[in-house]
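1. mind looking at a prediction? Sequence and model below.
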Amino acid sequence: MPQYEVIERICAPLSPDQARLRAVPLPLGGVRVWADLAEADGKGPSWVVHQRMARQVARVGWHAEATAERVLVQGWSAACLKHRVRLLHGALTGRLADFRKSAEQAVATAVRLHAEQEDGQAGRTAIVAATCAELNELLLWPQRLAELDGLERTSRSRRLQLLLAQVTGLEAKVRQACAEHELLARAVAGWADDHLASVDAEQAQQRALDQARPWLRALNRLAGGPPPTGFTRRASGLAERVAATVTNGDWTVAAS
């Protein structure tokens, strides 16, 4: 996928609703991006919008400059790539290392979704899917990495090649960690929904968290393992790896 299309994808959520986002590759390299506010009578915080776009693009590793008229993306930057390495390390050692928090959020979400349904008749599959979607939004990184799907990162500079390889490796680890959190959320949300058939919400939450304890231990042990090769197949592979580690727990709940 051309870089300008990926850059446009990254900037699109930051563009005002009334504006038309434009991204144009430049003849000598780089990409020009701007939010066309003509349809909004030329009014709007274009400088602020472009600054936000430039920051988001820079977090991927590109050098970007913003004015009130446009964002100019000029290519890979060693400083920006090093900053991305720090961001990825921070994610892996911070929120993505906290499986307990994800379990608690997933259980609370599943109980809330169950209560919001008329007569508590929400389908188990729907509740589990919605729980995973909400957790992915909270984790942020699944969406951030999805925006980069199809991006080819190359450079003639040996220094930049090494940094790009480091970033790619860390992103693979972040993808794996996100898949592990989703696997856990899928399991505990299903357990919570099952328990709600016989106990109240507080008891259902506690039972699901108790049931998740061996999963938490297993995921913490597996966190340092090699990343699987494909994101769409990762959840199944992780379920099998966790199943081999968990000694008491119904892993088929998560794999379903």
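-> Alright, I've got the coordinates. Numbering: from 1, shown residues only.

2. in the helix or strand harbouring residue 183, what's buried?
-> Residue 183 belongs to helix 158-195 when assigned by DSSP states H and E. For helix 158-195, the neighbour count (16 or more other C-beta atoms under 10 Å) marks 160, 163-164, 167, 170-195 as buried. For every residue, glycine as well, the C-beta is placed using N, CA and C.

3. with stretch 1-14 instead?
-> 3, 4, 6, 7, 8, 9, 10, 11, 14.

4. ok, the first one touching residue 150?
-> No - in this structure, residue 3 sits apart from residue 150 without contact. The criterion is C-beta atoms under 8 Å, and the distance is 10.2 Å.

5. residue 156 - that's part of a strand, no?
-> No - counting by DSSP: H, G, I helix; E, B strand; the rest coil, residue 156 is not part of a strand but coil.

6. gap between it and residue 75?
-> 10 Å (C-beta to C-beta, to the nearest Å).

7. repeat that for residue 12.
-> Remark: distance between residue 12 and residue 75 (C-beta to C-beta) = 21 Å.

8. same question for residue 124.
-> 49 Å.

9. same check on residue 101?
-> Between residue 101 and residue 75 the distance is 38 Å, computed by C-beta to C-beta.

10. the more surrounded of these two?
-> residue 75 (16 against 13; other C-beta atoms under 10 Å).

11. hang on, that one in a strand?
-> Yes - under three-state DSSP, residue 75 sits within a strand.

12. okay, now the domains of this protein?
-> As assigned by automatic domain parsing, the chain contains the domains 3-76, 80-255.

13. which one of these has the poorest average confidence?
-> Here the lowest mean pLDDT among the domains of the chain goes to domain 80-255, at a mean of 84.

14. and the helices in the stretch 101-250 of the chain?
-> For the stretch 101-250 of the chain, the helices defined by DSSP state H, counting those that start in this stretch occupy 124-139, 141-146, 158-195, 201-222, 231-245.

15. between the ones you listed, which one is closest to residue 83.
-> helix 158-195 (10.2 Å; C-beta to C-beta).

16. same for that closest one, what does it pack against?
-> In terms of contacts (3 or more C-beta pairs under 8 Å, 6 or more residues apart in numbering; DSSP states H and E), helix 158-195 is packed against strand 71-76, helix 78-93, helix 99-116, helix 124-139, helix 141-146, helix 201-222, helix 231-245, helix 252-255.

17. turn these into CSV, columns for distance to residue 63.
-> Putting the helices and strands packed on helix 158-195 into CSV (distance: least, C-beta to C-beta, whole Å) gives the following:
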stretch, distance to residue 63
strand 71-76, 5
helix 78-93, 6
helix 99-116, 34
helix 124-139, 27
helix 141-146, 19
helix 201-222, 37
helix 231-245, 28
helix 252-255, 42
